[in-house]
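> model this:
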Amino acid sequence: MFRQDLRKYLLAFTAKHPNMTDDEKRLVREVIAQSNAQKPSQEKEMLVIINTLHQLSYQQQLSQDGRRLLTKLQRKQWIWSIFNAFQF
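Numbers count the residues shown, from 1 in each chain. This is a model prediction of the structure:
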């Protein structure tokens, strides 16, 4: 998944899941804005989102839609980690 794909995915996810909390929506907006301003790697962007969603989960402030987003991002990050581990 390329950086642009992650942005599109996050925007589409927030549009499809309106029950996300304000903190979760703010997190997605901040990550998109940071990725536009800076050029962090795809993995760093995903790790920032995953870690922040984990913190919200620990504080019991994560909605069901936020949990879905966390699960999907963790799966994608796991798949990319395996893909990057193998050298072709």
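> In the chain, where is pLDDT below threshold?
1-4, 38-40, 42, 80, 83-84, 87-88 (pLDDT under 70).
> What distance do you get for residue 82 to residue 31?
As defined by C-beta to C-beta, to the nearest Å, residue 82 lies at a distance of 23 Å from residue 31. For every residue, glycine as well, the C-beta is placed using N, CA and C.
> Give me the more crowded residue out of these two.
A count of neighbours by other C-beta atoms under 10 Å puts residue 31 above the other of residue 82 and residue 31, at 19 against 9.
> What strand or helix carries that one?
helix 22-37 (DSSP states H and E).
> Assign residue 62 to helix, strand or coil.
coil (DSSP: H, G, I helix; E, B strand; the rest coil).
> which residues touch the residue sitting nearest the centre point of the chain?
Closest to where the C-alpha atoms of the chain average out (C-alpha atoms, centre = their mean) is residue 49, at 4.3 Å. Residue 49 makes contact with 10, 27-28, 31, 69, 73, according to C-beta atoms under 8 Å, 6 or more residues apart in numbering.
> Could you measure from it over to residue 71?
12 Å.
> Likewise for residue 28?
Residue 28 is 15 Å from residue 71, by C-beta to C-beta.
> Neighbour count: these two, which is higher?
residue 28 (21 against 11).
> residues near the closest residue to that one other than its chain neighbours, how many?
Nearest non-adjacent residue to residue 28, counting by C-beta to C-beta, 6 or more residues apart in numbering: residue 10, 5.0 Å away. Counted by other C-beta under 10 Å, the residues lying close to residue 10 total 20.
> cool, and residue 56?
With other C-beta under 10 Å as criterion, residue 56 counts 19.
> Residue 33: what's it in contact with?
Contacts of residue 33 by C-beta under 8 Å, 6+ apart: none found.
> What distance do you get for it to residue 64?
Counting by C-beta to C-beta, the gap from residue 33 to residue 64 is 25 Å.
> do residue 32 as well
For residue 32 relative to residue 64 (C-beta to C-beta), the value is 22 Å.
> Which parts of the protein are helices?
For the chain, helices defined by DSSP state H occupy the ranges 3-16, 22-37, 42-58, 64-85.
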